[in-house]
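> sequence below, structure please.
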Amino acid sequence: MTDPVAMTDQTGARYQQVAPSSHSTGLARGFAVFAGVIMIMAGAFHGFAGLAALFENEFYAATPNYVFKFDVTAWGWIHLLLGVLVLVAGYSVLSGRTWARVVGMILAGVSALANFMFIPHYPFWSLLIIALDVFVIWALAVYNPES
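Presented below is the predicted three-dimensional model:
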């Protein structure tokens, strides 16, 4: 009778087949769900920041002599469009679509870069969103639905 846990390879050496623990699988799945929720929230926040820049042009302080100089209205459109894309990708991640994980990682990277360039206008908020984007990228990268 064969032992389902112990196996032998072609050389006859025995080895233990180790199944992933349900704790680590549940933890990774929980991180993916959390990443999807964070993406939806960050997308909504991007949208609100974009609307604030579009409706009230003096809401954000303009910093002179900054390398990445954009008009506040341009930042408003960038944040609004990026927010909608991140929100839809976050919903797709929660729906379990494989392509959404890749798109989510790409959009989180783009979001981090956009917020890096937005630091002079709203520094604390930009740094917070960058930290959340890094966490989203990590959570989506480590999630393996087959395990």
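
> low-confidence stretches in this protein?
For the chain, the stretches with pLDDT under 70 are 1-28, 57-70, 144-147.

> now the helices: where do they sit in it?
Under the criterion DSSP state H, the chain contains helices at 22-55, 72-94, 98-117, 123-142.

> packing partners for the first one?
Packing partners of helix 22-55 (3 or more C-beta pairs under 8 Å, 6 or more residues apart in numbering; DSSP states H and E): helix 72-94, helix 98-117, helix 123-142. For every residue, glycine as well, the C-beta is placed using N, CA and C.

> now the angle from the last one to helix 22-55?
When axes from the mean of the first three to the mean of the last three C-alpha atoms, to 10 degrees is applied, the directions of helix 123-142 and helix 22-55 differ by 140 degrees.

> then the first one?
Angle between the axes of helix 72-94 and helix 22-55 is 150 degrees (criterion: the same axes, to 10 degrees).

> next, give phi and psi for Tyr122.
Geometry field for Tyr122 lists phi and psi as phi -150, psi 80, criterion degrees, to the nearest 10.

> burial count for it?
Counted with other C-beta atoms under 10 Å, residues neighbouring Tyr122 total 19.

> and it, how far from Val93?
Applying C-beta to C-beta, to the nearest Å, the value for Tyr122 to Val93 is 26 Å.
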